[in-house]
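Chemist: just coords:
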Ligand SMILES: [Zn+2]
């Protein structure tokens, strides 16, 4: 295995080049993207649930005086 940055021959199991410090093992971008999608979806779901709760509580409070009459 050669370092892609400086071309120094490296031991396979190293994460970084000992000569120039370049990163030899790339992190999987698919995992990061998947995690980001899960986080975004979770935030949307939480947002929708919060909106529904606020709307439900809001209408409940608005209807209360009318129901008591
Ligand atoms: Zn290097």
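Modeler: Nice, thanks for sending it over. What you see is a predicted model, and the numbers here were worked out from it, not measured in a lab.
Chemist: Would you agree residue 1 is in contact with residue 25?
Modeler: No - applying Cβ atoms under 8 Å as the test, residue 1 and residue 25 come out as separate, 10.2 Å apart. From N, CA and C alone the C-beta is placed, and that goes for glycine too.
Chemist: element containing the residue most central in space within the chain?
Modeler: Nearest to the mean C-alpha position of the chain, by Cα atoms, centre = their mean, lies residue 36 at 2.8 Å. Using DSSP states H and E, residue 36 maps to helix 29-68.
Chemist: So residue 12 belongs to a helix, correct?
Modeler: No - applying DSSP: H, G, I helix; E, B strand; the rest coil, one finds residue 12 to be coil, outside a helix.
Chemist: Now do the residue nearest to it when sequence neighbours are not counted against the ion, distance only.
Modeler: Spatially, and ignoring its direct neighbours in sequence, residue 12 is nearest to residue 1 (5.0 Å; Cβ to Cβ, 6 or more residues apart in numbering). According to Cβ to the ion, to the nearest Å, residue 1 and the ion sit 11 Å apart.
Chemist: Quick one: residues contacting residue 2.
Modeler: Contact partners of residue 2, counting by Cβ atoms under 8 Å, 6 or more residues apart in numbering, are 8, 9, 10.
Chemist: Just the buried ones among the residues you listed, please.
Modeler: When the contacts of residue 2 are checked for burial by 16 or more other Cβ atoms under 10 Å, the buried set is residue 10.
Chemist: Measure how buried residue 15 is and give me the count.
Modeler: 7 (other Cβ atoms under 10 Å).
Chemist: ok, the closest residue to it other than its chain neighbours - how many residues close by?
Modeler: Of all residues not flanking residue 15 in the chain, residue 25 sits nearest, at 5.0 Å (Cβ to Cβ, 6+ apart). Here the number of neighbours of residue 25 (other Cβ under 10 Å) works out to 10.
Chemist: tell me which element residue 25 is part of?
Modeler: Per DSSP H and E, there is no helix or strand for residue 25.
Chemist: now it: how far from the ion?
Modeler: Taken as Cβ to the ion, the span from residue 25 to the ion is 13 Å.
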